[in-house]
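[1] next one to model:
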Amino acid sequence: MVTGGPRSTSSTANRRRRWGLRPLIALATVGLIASVFAPAGIVAAKDHDPGAGQVVVSPALRSDVSAALSSMAPAPVVAVKDKKEKKKNALPLAPAGSGPDTVVQSSPGGAAAAATTTSFDGIGVGLGTYSPRWAPPDADGAVGPSHYFEIVNADIAIFSKTGALVYGPVPTNTLWSGFGGSCQDRDDGDGIVEYDRLADRWVITQFTNDGTNTECVAVSTGSDPTGSYARYAFTYPAFPDYPKLAVWPDAYYITFNLFGSSGFAGGMACAYDRAKMLASQPATQQCYNLGTSYGGLLPSDVDGRTPPPAGSPDFILNYGTNRLNLWKFHVDWTTPANTTISGPTAISVASFSAACGGGACIPQPGTSQRLDSLADRLMSRLAYRNFGDHESLVVDHSVGTGLLNLGPSGVRWYELRNPNGTPTVYQQGTYAPDSTYRWMGSIAMDKLGDIALGYSASSGSVPPSVRYTGHLVTDGLGVMGQGEGILQAGTGSQLPSLSRWGDYTSMTVDPTDDCTFWYVGEYQKASGTWNWSTRIGSFTLPGCSGTITNDFSISANPTSLSLAQGTRGTSTIGTAATSGVAQTVALSVSGVPSGATASLSPSSVTAGGSSTLTVDAGTAAPGPYTLTVTGTEGSAIHSTTISVTVTAPSAVPGAPTLTASRSRSSGVELNWTVPASNGSAIWAYRIYRSITSGAEAFLVQVGTGSTSYRDASTVSGTRYFYKITAVNGKGEGSFSNEASARAR
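    The predicted structure follows:
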């Protein structure tokens, strides 16, 4: 949904709430100062002037770990009489391009449309007794190994991949039951769900529209979407409208359109500490306001098994006049002062004009009510894929066609390459094959580089429907060469005076084969208002097939250790998911010689994680050994080896320096220095004593936890003489100097 004010009813539709601006909490240790309405540019958090825009770090307002979602009582449902249309707040609209659209595809692809493999009703009219409470639905969804998770305004439901309802529908704020605050009390929508394929987790967000400027975030603690969640509440300096969430290895990135009492307050990009959230620990966010010249930002969202190159920034995109604007957001959680945002880089594209001038002009049968194009922004998602030899981003938005932009709307789509270098438009096209209006798109790529595009379609004779098409890598550049598929034909129009439609749809890729596309969009079963439905379906483009078996790789760094007796060494055991979905890898070590020990911490990791192997040579006999670390993930078993060479210490320890003094309580106090170990860890000290100088005999052996000892087995007034030696794996070292003291 798009909103910048409070919930509106017919009596309050023209009133706007004045939102207070709440400053973000900056980390004083890095000297970050919030500057919310700053101009965009190249930013390094460590070198700002006080008046310039800066990356701002703030902790979650609160966090906890929930009970299992399946065990929670559903949150109360807003009564039907309180149905509301979400208000749309306008973004700065780039001036229309002056030239014609030169990349219009004016006829459908020649190939047959990909067949729908699964199709079922999602949340909306037709799912049990569900009755819509909001408009538009903001249909969004994500597919995992076994489930499809759908979120709308402001409800969630979880389905099997055959369409069986597993959980819900329930209000979205059920996820925050028992959490307290506005996340628990409010159910205001603009929800987003992501499946984090790199970690096999689910991530859900929703804002609260009560003046607290809060975004509620939940990250599942495991692979089960009905299980428990780590929950967070973050706040912002103005209302965080139209959030868009993305998965990246170093963070969960999210963008907002901020709205304050004076209107649009800037496009904000933020990063949540993904590692902390995956560990269910308190987390911080780092945010940057790109200024009031830029809205409708999208963060790049990784698809596929291959993550971005190590250290890659997340890419942030919006559009301007005949161009795309790209920023690079690199977050540093250890030293936030090193976080940087650079850009925008302007990427020239074919001339275009926003469909309907960014407003409502989409026709429907049997009514004068026009539907909103939401063409003032890019459509979610900005899908990223790393193919090894190149990186690609795909994205779309709604544009006008024909003379003076009076033709039907179409979907402009792009594939960008080399985003972390000099970004280029590899291909672009406007899909407008006939007189039907197409808009509200979502786009993604499969593992082969094929592209699927889903969208809404409507005209004076075609009720709003859910459709899709596709581009194979063998099709001409910029051409959707596959036919148009109809996931769901609409059988009704949306009547006056409800213009809002969709707000977004969602195209995602099945992690089990990296081929199957899943799409969700809005349609009407019958003409009316407040009676929308959503349709969920899947399809695969020709040539992409094969179930991906979960698998992983394992490695050691370093692969060899040389340890003197009594010393320790470590090797990092790394894992990586090579296909399918990241699962738990159980680790074990074998081949440890007698007298030595070896341990793994932790003893299990999610593929992609690492463990530390610690080897203690102890008293193992000198010689070469081979240790094997084995990882087990279901039926997949892999191992890696570490060569360990145990050596005898090169020498006994050096001689300590000893002092003796009269104890303050009783006896004699001894103190000594730690001598050179000479290649083997010192593991004991031996103390010798006599009442005659030069005649010391063994008294006691002590450990290495201290370099002092009080000899209490003395006769008061008697002078005692002492010497001490150190012991390592080679043996006992030389005597120290002689020291004496009179016992108390």
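[2] just for this protein, where's the confidence low?
    For the chain, the stretches flagged by pLDDT under 70 are 1-53, 78-88, 547-548.
[3] which stretches in it count as helices?
    Applying DSSP state H to the chain gives helices spanning 181-185, 274-278.
[4] make JSON lines out of these and add distance to Tyr288 and mean neighbour count.
    Where you see a C-beta, it was placed from the backbone N, CA and C, and this is true even at glycine. Formatted as JSON lines, the helices of the chain follow (distance: least, CB to CB, whole Å; neighbours: other CB atoms under 10 Å):
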{"stretch": "helix 181-185", "distance to Tyr288": "24", "mean neighbour count": "20"}
{"stretch": "helix 274-278", "distance to Tyr288": "17", "mean neighbour count": "21"}
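[5] among these, which comes closest to Gln701?
    Gln701 lies closest, by CB to CB, to one member of the helices of the chain: helix 274-278, at 45.6 Å.
[6] what does the closest one contact?
    Applying CB atoms under 8 Å, 6 or more residues apart in numbering, the external contacts of helix 274-278 come out as 199, 201, 217, 219, 230, 232, 247-252, 282-284, 333.
[7] what residues does Cys515 make contact with?
    By CB under 8 Å, 6+ apart, the residues touching Cys515 are Asp446, Lys447, Leu448, Val509, Thr540, Leu541, Cys544, Ser545, Gly546.
[8] what about the last one, neighbour count?
    Meaning Gly546. Residues within reach of Gly546, counting by other CB atoms under 10 Å, total 11.
[9] please shift the residue numbers so they start at 508 in all later answers.
    Got it, first residue is 508 now, which makes that one Gly1053.
[10] what's the closest non-adjacent residue to it?
    Spatial nearest neighbour of Gly1053, excluding adjacent residues (CB to CB, 6 or more residues apart in numbering): Asp1020 at 6.1 Å.
[11] which parts of stretch 968-981 are buried?
    By 16 or more other CB atoms under 10 Å, the buried positions in stretch 968-981 come out as Val969, Pro970, Pro971, Ser972, Val973, Arg974, Tyr975, Thr976, Gly977, His978, Leu979.
[12] wouldn't the fourth one be in contact with Ser966 here?
    No: under the contact definition of CB atoms under 8 Å, Ser972 does not touch Ser966, with a separation of 9.8 Å.
[13] contacting residues around Asp1154?
    For the record, residue 1154 is Thr, not Asp. Contacts for Thr1154 (CB under 8 Å, 6+ apart) come out as Ser1069, Leu1070, Ala1071, Gln1072, Pro1129, Gly1186.
[14] now neighbour count and distance to Ala618 too, for those residues, in a markdown table please.
    Formatted as a markdown table, the contacts of Thr1154 follow (neighbours: other CB atoms under 10 Å; distance: CB to CB, whole Å):
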| residue | neighbour count | distance to Ala618 |
| --- | --- | --- |
| Ser1069 | 13 | 62 |
| Leu1070 | 20 | 63 |
| Ala1071 | 22 | 69 |
| Gln1072 | 23 | 71 |
| Pro1129 | 13 | 70 |
| Gly1186 | 19 | 72 |
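[15] contacts for stretch 1206-1223 next, please.
    1163, 1170, 1172-1181, 1189-1196, 1227, 1229, 1234, 1250-1251.
[16] let's have the helices of the chain in JSON lines, adding distance to Met886.
    Below are these laid out as JSON lines (distance: least, CB to CB, whole Å):
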{"stretch": "helix 688-692", "distance to Met886": "27"}
{"stretch": "helix 781-785", "distance to Met886": "24"}
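[17] so which of those is nearest Gly997?
    Comparing the helices of the chain by CB to CB, helix 688-692 comes nearest, at 34.7 Å.
[18] helices or strands up against that closest one?
    On a contact count with 3 or more CB pairs under 8 Å, 6 or more residues apart in numbering; DSSP states H and E, helix 688-692 meets strand 708-715, strand 721-727, strand 736-742.
[19] domains for this structure, by residue range?
    Under the assignment automatic domain parsing, the domains of the chain span 535-1046, 1058-1154, 1165-1249.
[20] roughly how far is the shortest one from the heart of the chain?
    The chain centre lies 58 Å from the centre of domain 1165-1249; the measure is CA atoms, centre = their mean, to the nearest Å.
[21] can I get stretch 928-946 in PDB, CA atoms only?
    Extracted in PDB, the C-alpha atoms of stretch 928-946 (Å, rounded to 0.1, in the frame of the first residue of the first chain):
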ATOM      1  CA  GLY A 928      31.600  -1.800 -12.100                       C
ATOM      2  CA  THR A 929      30.300   0.400 -15.000                       C
ATOM      3  CA  PRO A 930      26.700  -0.700 -15.100                       C
ATOM      4  CA  THR A 931      25.200  -1.200 -18.500                       C
ATOM      5  CA  VAL A 932      21.700  -1.900 -20.000                       C
ATOM      6  CA  TYR A 933      22.100  -5.300 -21.500                       C
ATOM      7  CA  GLN A 934      18.600  -5.400 -22.800                       C
ATOM      8  CA  GLN A 935      15.300  -3.400 -22.300                       C
ATOM      9  CA  GLY A 936      11.800  -3.600 -23.700                       C
ATOM     10  CA  THR A 937       8.300  -2.300 -23.200                       C
ATOM     11  CA  TYR A 938       5.800  -5.100 -23.300                       C
ATOM     12  CA  ALA A 939       2.600  -3.700 -24.800                       C
ATOM     13  CA  PRO A 940       1.600  -6.300 -27.500                       C
ATOM     14  CA  ASP A 941      -2.000  -5.100 -28.000                       C
ATOM     15  CA  SER A 942      -4.600  -2.600 -26.800                       C
ATOM     16  CA  THR A 943      -5.000  -4.100 -23.300                       C
ATOM     17  CA  TYR A 944      -3.400  -2.100 -20.500                       C
ATOM     18  CA  ARG A 945      -0.600  -3.900 -18.600                       C
ATOM     19  CA  TRP A 946       0.900  -2.600 -15.400                       C
END
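[22] just give me how far it sits from the chain centre.
    28 Å.
[23] just the buried positions in that stretch, please.
    For stretch 928-946, by 16+ other CB under 10 Å, it's 930, 932-940, 943-946.
[24] quick check, nearest of these to Gly767?
    Minimum distance to Gly767 across the buried residues of stretch 928-946 is 28.9 Å, recorded for Trp946 (CB to CB).
[25] give the contact list for the closest one.
    Trp946 makes contact with Ala862, Ile869, Ser880, Leu881, Ala882, Ser905, Ser916, Val918, Tyr962, Ser963 under the criterion CB under 8 Å, 6+ apart.
[26] same question for Gly936.
    Neighbour list for Gly936: Val610, Val611, Gln612, Arg919, Trp920, Gly985, Val986, Met987 [criterion: CB under 8 Å, 6+ apart].
[27] ok, Thr1023 next?
    Thr1023 is in contact with Thr624, Val650, Val1016, Asp1017, Ser1045, Phe1046, Thr1047, counting by CB under 8 Å, 6+ apart.
[28] all the strands of the stretch 958-1107 of the chain, residue numbers only.
    Secondary structure of the stretch 958-1107 of the chain by DSSP state E, counting those that start in this stretch: the strands cover 958-965, 972-978, 992-995, 1013-1016, 1024-1031, 1039-1046, 1058-1064, 1067-1071, 1075-1086, 1091-1097, 1104-1108.
[29] distance from the first one to the middle of the chain?
    Which is strand 958-965. 26 Å.
[30] got phi/psi on the nearest residue in space to Pro1100 that is not next to it in sequence?
    Distances taken as CB to CB, 6+ apart place Ala1127 nearest to Pro1100, at 4.4 Å, with adjacent residues excluded. Note on Ala1127: its backbone torsions stand at phi -60, psi 140 [degrees, to the nearest 10].
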